[in-house]
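> what's the 3D shape of this:
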Amino acid sequence: MPDPRARRGIRYPWAALLTAAAAAVLAGAASVTAIGEWVADAPQRILALLGFRPDPLTGLVHPPHATTVRLVLASADGDALDRAIGDFLQERKAPAPSSGRKVIAVDGKTLRGTRTANRPATALIAAMTHSGEVLAQRQIDGKSNEIPAFVPLLNGIDLTDALITADALHTQHDHAAYLHERGAHCLAVVKRNHPGLHERIRRHPWREIRLDHAERARAHHRNEIRRLKTAASAHIDYPHARQALQVVRWRRDLGTGKLTIERIYLVTSLPPGAADGSELAAWIRGHWRIENQLDHVRDRTFHADASHIRTRHLPRVMAGPRNLAIGVHRQDGHTNIAAALRRTARDHLRPLTTLGLA
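Numbers count the residues shown, from 1 in each chain. Predicted coordinates:
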């Protein structure tokens, strides 16, 4: 991480300040004020492990003021911070089984609390494994959308034999060609924003195609049936596409009795036989769960949407430590992130142990 501060007057090491902020967020700090309070309450041993230097006269380690923490985070390079966090999570994660495939979801998020009368809300795009770790994140240009950020987002990730899932916005010919060049596969939703492709897939003789997977579920006060069919095709007007998919979802509300039927179409570059119906269905559901695994946790647990931080790079930078906390706790087997944060907050040493500093 580059240090943007002028050399004159530097009292605290740059790495120590960023590490302290990350440790505080791991312990549940949801704001810059809370980060400053966590650092101020840290014992001498913890401050030394974080990298703060003792006073040469007294031998005591003085914690930085909350204002110092705020200024440091506001001046940090958000993209560089996210790259460092993504590299850390990839190195920390245990190797996946040789039979498993890396599955990465690409999705965008708008920080609604950052909107002002003169400036649009800060928008981010993230690449996240289906198990819940954010591997990369970038800020979206305020005058553009997620599409131009797709390639720069994935450039720093090893995509060899990975499967990238994305919503209809990223069902772009250039994206499919890029993933093929990187040795990756795609699984993308097709909607009416691509009318020709959507109509061609919709007109497949789906009634005559055998069922590949079906399942029933009951959640959120409704019964749901999901059915998946796949059709191998060499004539899909999408680069390197090998199969078209249809998902039909029946949902019945248990309170009103209302029945809703939804048909969703997708394309994938995976050849027939590379994955069975249950795997494809799990990957499709896994992409839809990204809102629960990342966006919902950031909004409800860290109150990201309620935050009105707007100073310089702070809205962008604060998303990085939150992703780190969510990713690390998920890697450690915690499914309830709020409970994991409370547990970590009960001992100042626990965040450092989690980060490998103690």
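> quick one: the strands in the stretch 251-358 of the chain?
Shown for the stretch 251-358 of the chain, the strands assigned by DSSP state E, counting those that start in this stretch span residues 259-268.
> give me the low-pLDDT residue ranges for the protein?
Scanning the chain for pLDDT under 70 picks out 9, 94-99, 112-117, 119-120, 142-143, 234, 291-292, 304-312.
> residues of stretch 73-82 that come out buried?
Residues 73, 74, 75, 76, 77, 78, 79, 81, 82 are the ones in stretch 73-82 that count as buried (16 or more other C-beta atoms under 10 Å). (C-beta placed from N, C-alpha, C; glycine too.)
> helices - which of those land there?
73, 74, 75, 78, 79, 81, 82 (DSSP state H).
> from residue 169, how far out is the fifth one?
Pointing back at residue 79 there. Distance of residue 79 to residue 169, given as C-beta to C-beta, to the nearest Å: 21 Å.
> endpoints of stretch 165-181, how far apart?
Terminal residues of stretch 165-181 lie 16 Å apart, using C-alpha to C-alpha, to the nearest Å.
> contact partners of that stretch?
Residues outside stretch 165-181 that contact it (C-beta atoms under 8 Å, 6 or more residues apart in numbering) are 103-108, 130, 145-147, 150-151, 154, 159, 164, 185-191, 193-194, 197, 238-241, 267, 269, 283-284, 286-287.
> now stretch 265-276
Residues from elsewhere that reach stretch 265-276 (C-beta under 8 Å, 6+ apart): 101, 163, 171, 176, 179-180, 185-191, 197-198, 201-202, 212-213, 230, 232, 236, 238, 240-247, 280, 283-284.
> same question, stretch 8-15
1, 3, 5, 51, 52, 53, 64, 68, 72.
> for it, what is the distance to the chain centroid?
Relative to its parent chain, stretch 8-15 has a centroid offset of 31 Å by C-alpha atoms, centre = their mean, to the nearest Å.
> and for stretch 205-218?
30 Å.
> residue 221 - how many residues pack around it?
9 (other C-beta atoms under 10 Å).
> then residue 101?
15.
> that one against residue 160, yeah?
No. Residue 101 lies out of contact with residue 160 (C-beta atoms under 8 Å); the separation is 10.6 Å.
> can you tell me how far residue 282 sits from residue 50?
As judged by C-beta to C-beta, residue 282 and residue 50 stand 40 Å apart.
> more neighbours, those two?
residue 50 (28 against 14).
> ok, the more buried one touching residue 357?
Yes. At 7.3 Å, residue 50 counts as touching residue 357 under the criterion of C-beta under 8 Å.
> who touches both of the two?
residue 19.
> direction included, what does the helix or strand harbouring residue 227 pair against?
Per DSSP states H and E: residue 227 is located in strand 222-232. Strands that pair with strand 222-232, judged by DSSP bridges, come out as strand 213-219 (antiparallel), strand 243-253 (antiparallel).
> what's the closest of the ones you listed to residue 341?
strand 213-219 (24.7 Å; C-beta to C-beta).
> what does that closest one contact?
223, 224, 225, 226, 227, 228, 276, 277, 278, 280, 281.
> export the residues you listed as TSV, with columns for neighbour count and distance to residue 343.
Formatted as TSV, the contacts of strand 213-219 follow (neighbours: other C-beta atoms under 10 Å; distance: C-beta to C-beta, whole Å):
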residue	neighbour count	distance to residue 343
223	14	35
224	15	33
225	14	38
226	19	35
227	17	41
228	21	38
276	11	38
277	18	39
278	13	34
280	23	36
281	20	34
